[in-house]
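Student: for reference, the sequence and a predicted model appear below.
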Number of protein chains: 2
Amino acid sequence: MNKVYIGIDLGGTNIKIGCFDSSLKLIRKISVPTDVDMGPKAMIDKIAETIKKLLAEAKLSLRNVTAIGLGTPGPAKYKQGILIAMANFPKFKNVPICKMLTAKLDKPIIFDNDANVACWGEYAAGAAKGVKDIVFFTLGTGIGGGILSDGRLIQGAGGNAAELGHMIIYPDGRLCGCGQRGCAEAYASAAQTAKRATEAIEAGRKSSLKKVLKTKGQITSKDVYEHLAKGDKLAKEITDETAKVLAILSINMLHATEPKKIIFSGGMINAGNLLLERIKYYFNQYIWKLKFEPVEICFATLGEDAGITGAAALAQYNYQQKNLIL
Amino acid sequence: MNKVYIGIDLGGTNIKIGCFDSSLKLIRKISVPTDVDMGPKAMIDKIAETIKKLLAEAKLSLRNVTAIGLGTPGPAKYKQGILIAMANFPKFKNVPICKMLTAKLDKPIIFDNDANVACWGEYAAGAAKGVKDIVFFTLGTGIGGGILSDGRLIQGAGGNAAELGHMIIYPDGRLCGCGQRGCAEAYASAAQTAKRATEAIEAGRKSSLKKVLKTKGQITSKDVYEHLAKGDKLAKEITDETAKVLAILSINMLHATEPKKIIFSGGMINAGNLLLERIKYYFNQYIWKLKFEPVEICFATLGEDAGITGAAALAQYNYQQKNLIL
């Protein structure tokens, strides 16, 4: 088989790698743990070795590979192929990750932000297949974003566009990890949804979640949605605030880049319709009445494979556009 | 002279038309009043006749014209060349304005939103000359916007992107004309800046503006800035709220499309540094501390000519890209 594309999703916990055929069908994937003590060289060795193993398992070799896509969290100089830093990995500082990978593998590579890559995945093969104007949110520890406008990812002047979780929803509101106050992320990420529930219980609010906090020592957003499903009043309030913030964020992005689809992804979408319907409810409550907005709000469909699929798809697209780093 | 470009800025009060050479130097311009009773045919006749007059005054003729650019307020289907409606002009409904103009003038035409056109003007020949990533605001009766990303205007799925004045700054805040609450426009447009001052005085606040309201029956944003310069405390508070809203709007757009320059235009920028410095102050107060943001916040430089310059520049660009409506 020729024209195989490799997608790499490099995260803080795992390196996920997939190989895809030219119609972006997943041939085989693999996930290996990372280790915070790893330096850049060890990490690159691990990635290269894992790619070779994956290809061998699929009865393929590097000769079959056309291009490689790589997604990582920022900050990075994506166009130059340099990873500036990696949270929790102290040995990573201004790593020429693309150059190091191509030295090992001798393949052209495309490099972008993990949220951009996942956004591209949903465009290439997921919830927004073929839809050229989309806004994409990841709801995890933080809130990441990706913007596709007329089929192009918005990169920004310094490659750091679409930091959508740091759009301010409530001026002078909750303190965010970034130093701003009132960011969407300070309310509506999975971590902050759980934290707001914890704070309410510690402030004396009654809730069936109190027992969870006592037993497990902490509450996760999954707990919040489980107790919401069981009718807990506090869980309902917490969910409503999350949904309202995500709705206003969606309205603001609608007025900015006017997407046709707004897509939410990340662990928190496991809450399902209980969350999605509330986001839509608040969107309809808060959106203008000047004209009907035909935008569709939905959940991502690629799940954990969004990163590897998007990276491979971006490699294919940029290979065709002759726009790769070698 | 060959390769002359015509820029048309069609507004509610005037039709402004300029003719430009291929280096976008203004050769000559003209402004004629519109009349709300005008129907589409009368308006097109007026535009065509004024263009011919303008060219004759410049000792040129239609033969010298390469292409025409047209900017109007929305709503419109810009790509199809159809003006859906025009505020205060009841006879305008789904007008195929480009087709009608080319029938009269037999020239290729490009059509876009007036704020987008002015944004392109500042990029082509004004405050952001050559800067490919910008966010542009017009501060008038409302707040309009334009977004340039990697040298392309963001159009959105339906051609209605960059309605930046309707991004929500204060959820559940002041009612906006659009039906939403807490829009930037509901606080920081020229009209609403004046209105907030009026409301404060009517609620009993002391201010040197009280006399203006009594004498003239109304306050304009110009009055607010004049009394700010004289040290009036209320004028200072009103200006600070305007500046804070514009700063948060700027921060939110920085996190969305990451511009290198953020440009304010419109009548209100006559307030000068008294306003600009306060916007910068609040921007620095409210922006994250994760990394330094090298974005420049500044005022537009083309003034009243932004519309005609941008329209002509957009005509030239799209002519070169072979992307015009004929």
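Tutor: Here it is on my side, so go on.

Student: C-alpha from now on. contacts and neighbour counts both.
Tutor: Will do.

Student: lowest-confidence helix or strand of chain A?
Tutor: strand A:76-77 (a mean of 90; mean pLDDT, DSSP states H and E).

Student: now for the next helix or strand along the chain from that one, which elements pack on it?
Tutor: Note on strand A:76-77: by DSSP states H and E, the next helix or strand toward the C-terminus is strand A:82-85. With contacts taken as 3 or more CA pairs under 8 Å, 6 or more residues apart in numbering or on different chains; DSSP states H and E, strand A:82-85 sits against strand A:76-77, strand A:93-95, helix A:97-105.

Student: got the contact list for strand A:82-85?
Tutor: By CA atoms under 8 Å, 6 or more residues apart in numbering or on different chains, the surrounding residues in contact with strand A:82-85 are A:74-77, A:92-98.

Student: how about stretch A:295-314 and chain B, touching?
Tutor: No: remark: stretch A:295-314 sits outside contact range of chain B, by CA under 8 Å from any CA of the partner chain, the gap being at least 9.0 Å.

Student: that older thread, please work out which of the helices and strands packed on strand A:82-85 is packed deepest.
Tutor: strand A:76-77 (a mean of 22; mean count of other CA atoms under 10 Å in any protein chain shown).

Student: rewinding a little: packing partners for the least confident helix or strand of chain A?
Tutor: strand A:82-85.

Student: ok, which of the helices and strands packed on strand A:82-85 comes nearest B:Met38?
Tutor: Of all these, strand A:76-77 sits nearest to B:Met38, with 54.2 Å by CA to CA.

Student: ok, the closest one: who's next to it in the sheet?
Tutor: According to DSSP bridges, strand A:76-77 forms sheet pairs with strand A:82-85 (antiparallel).

Student: now the strand it pairs with: mean pLDDT?
Tutor: Mean pLDDT, strand A:82-85: 92.

Student: which outside residues touch stretch A:143-155?
Tutor: A:115-116, A:118-120, A:131-138, A:161-166, A:184-185, A:188-189, A:257, A:259, B:149-150, B:154-157, B:257-258.

Student: what about the residues you listed, which are in strands?
Tutor: Among the contacts of stretch A:143-155, the members found in strands (DSSP state E) are A:134-138, B:149.

Student: and which of these is nearest A:Lys195?
Tutor: Closest to A:Lys195, out of all of the ones in strands among the contacts of stretch A:143-155 and judged by CA to CA, is A:Thr138, at 17.8 Å.

Student: quick one: pLDDT of the closest one?
Tutor: For A:Thr138, the predicted pLDDT is 96.

Student: which residues touch it?
Tutor: So A:Thr138 contacts A:115, A:144-145, A:264-266 (CA under 8 Å, 6+ apart).

Student: bridged to it, which residues?
Tutor: Bridge pairing for A:Thr138 (DSSP bridges) gives the partners A:Gly144, A:Ser265.

Student: any idea how far it is from chain B?
Tutor: Going from A:Thr138 to chain B by CA to the nearest CA, to the nearest Å gives 14 Å.

Student: hmm, back to that, and the buried ones among the contacts of A:Thr138, selectable in PyMOL?
Tutor: Buried subset of the contacts of A:Thr138, written as a PyMOL selection, criterion 16 or more other CA atoms under 10 Å in any protein chain shown:
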select buried, chain A and resi 115+144+145+264+265+266
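
Student: what parts of the stretch 101-250 of chain A come near chain B?
Tutor: So far as CA under 8 Å from any CA goes, the stretch 101-250 of chain A lies against chain B at A:132-133, A:149-150, A:154-164, A:166-171, A:178-181, A:248.

Student: repeat the analysis, applying 7 Å as the threshold.
Tutor: A:133, A:149, A:154, A:156-157, A:160-164, A:166-170, A:178-180 (CA under 7 Å from any CA of the partner chain).

Student: which among those end up buried?
Tutor: Buried subset of those (neighbour count, 16+ other CA under 10 Å): A:133, A:149, A:154, A:156-157, A:160-164, A:166-170, A:180.

Student: let me see the contact set for A:Gly71.
Tutor: Residues counted as contacts of A:Gly71 (CA atoms under 7 Å, 6 or more residues apart in numbering or on different chains) are A:8-10, A:111-114, A:117, A:307, A:311.

Student: returning to what we had before: which one of the contacts of A:Thr138 sits closest to chain B?
Tutor: The closest of those to chain B turns out to be A:Gly145 (CA to the nearest CA; 8.7 Å).

Student: what's the closest non-adjacent residue to that closest one?
Tutor: A:Phe137 (4.5 Å; CA to CA, 6 or more residues apart in numbering or on different chains).

Student: surely the one you found meets A:Gly267?
Tutor: No: A:Phe137 is beyond contact range of A:Gly267, at 11.5 Å (criterion: CA atoms under 7 Å).

Student: looking at those two, which is more packed in?
Tutor: Higher neighbour count among A:Phe137 and A:Gly267: A:Phe137, with 28 against 17, using other CA atoms under 10 Å in any protein chain shown.

Student: quick one: distance of stretch A:103-111 to the chain centre.
Tutor: The chain centre lies 23 Å from the centre of stretch A:103-111; the measure is CA atoms, centre = their mean, to the nearest Å.

Student: so which residues make contact with it?
Tutor: Counting by CA under 7 Å, 6+ apart, A:48, A:67-71, A:78, A:81, A:98, A:102, A:315, A:324-326 sit against stretch A:103-111.

Student: buried only: go through those residues for me.
Tutor: A:48, A:67-71, A:78, A:81, A:98, A:102, A:315, A:324-325.

Student: who's in contact with the least confident helix or strand of chain A?
Tutor: Strand A:76-77 is contacted from outside by A:82-85, A:159, using CA under 7 Å, 6+ apart.

Student: by neighbour count, which of the residues you listed wins?
Tutor: Ranking the contacts of strand A:76-77 using other CA under 10 Å puts A:Leu83 first, with 23 neighbours.

Student: please save the CA atoms from stretch A:207-226 in CSV.
Tutor: Extracted in CSV, the C-alpha atoms of stretch A:207-226 (Å, rounded to 0.1, in the frame of the first residue of the first chain):
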residue,chain,number,x,y,z
SER,A,207,-26.3,18.1,47.3
SER,A,208,-26.0,14.3,46.7
LEU,A,209,-22.5,15.2,45.5
LYS,A,210,-21.5,15.8,49.1
LYS,A,211,-21.1,12.1,49.7
VAL,A,212,-18.9,11.7,46.7
LEU,A,213,-16.6,14.5,47.9
LYS,A,214,-16.4,12.9,51.3
THR,A,215,-15.8,9.4,50.0
LYS,A,216,-13.4,10.1,47.1
GLY,A,217,-11.9,13.3,48.4
GLN,A,218,-12.8,15.1,45.1
ILE,A,219,-15.5,15.6,42.5
THR,A,220,-15.1,15.2,38.8
SER,A,221,-17.3,16.7,36.0
LYS,A,222,-18.4,13.1,35.4
ASP,A,223,-19.8,13.0,39.0
VAL,A,224,-21.6,16.3,38.3
TYR,A,225,-23.3,14.9,35.2
GLU,A,226,-24.2,11.6,36.9
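
Student: so which bits of that stretch are buried?
Tutor: Across stretch A:207-226, burial judged by 16+ other CA under 10 Å covers A:207-210, A:212-213, A:218-225.

Student: from these, which land in helices?
Tutor: A:209-210, A:212-213, A:221-225 (DSSP state H).

Student: ok, A:Leu62 - how many residues close by?
Tutor: Neighbour count for A:Leu62, taken as other CA under 10 Å: 16.

Student: give me the distance between it and chain B.
Tutor: 34 Å.

Student: re earlier: now, which of the ones in helices among the buried residues of stretch A:207-226 sits nearest A:Lys291?
Tutor: Of all these, A:Lys291 sits closest to A:Tyr225, with 33.5 Å by CA to CA.

Student: just the pLDDT for the closest one.
Tutor: pLDDT for A:Tyr225: 96.

Student: list the contacts for the residue of the stretch 1-150 of chain A found nearest chain B?
Tutor: Closest approach between the stretch 1-150 of chain A and chain B, counting by CA to the nearest CA: A:Asp133, at 5.7 Å. Shown in contact with A:Asp133 (CA under 7 Å, 6+ apart): A:148-151, A:259-261, B:156-157.
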